[in-house]
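Visitor: Whatever this is, show me its structure:
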Amino acid sequence: LWQESGIERYLRNLFSELPVLCLYGDPAYAPAYGIIGPYRATARTGLTPVQEAMNVTMSSYRIVVEWGFANILNQFGFGEWKRNQRIGLSSVATCYALSVLLYNCQTCLRGRNQISERFKNRVHPPSLSTYL
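Guide: Okay, the predicted model is just below:
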């Protein structure tokens, strides 16, 4: 999916103007252009205290991102029915995109969600009309 999505090409274009910017992602994607992952200790050297602190901090943010996926599946359970959601037999992407849209609308109407609360409400969702 990474290769088919064309995200790396998009990142190369975006980061050509912003050379110090990168995305923090899953270690599986860390070798890709524009993606960094957690620091890894080697057999010869361990992690510095700064690297360890960075890993702990960024891991907590990755968990918050995972909450978003879990919240969508909890609110709109049909996306989790693995037997009914099969590529080529059902419109998996459409169902998931619709779930995200509805979840985001719900977040806009409430003015918060679990993720914004994690950031002590420093991150506020837009109004529903602005979002739509």
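Visitor: Go ahead and confirm Tyr24 touches Tyr61.
Guide: Yes: under the contact definition of Cβ atoms under 8 Å, Tyr24 touches Tyr61, with a separation of 7.3 Å. Where C-beta positions appear, they are placed from N, C-alpha and C, glycine not excepted.
Visitor: If you count neighbours, what's buried in whichever strand or helix holds Trp67?
Guide: Following DSSP states H and E, one finds Trp67 within helix 49-75. Residues Met54, Asn55, Met58, Gly68, Asn71, Ile72 are the ones in helix 49-75 that count as buried (16 or more other Cβ atoms under 10 Å).
Visitor: Which strand or helix spans the residue located most distally from the centre of the chain?
Guide: Here the chain reaches farthest from its C-alpha mean at Arg44, the gap being 32.7 Å by Cα atoms, centre = their mean. Remark: Arg44 resides in no helix or strand, with elements defined by DSSP H and E.
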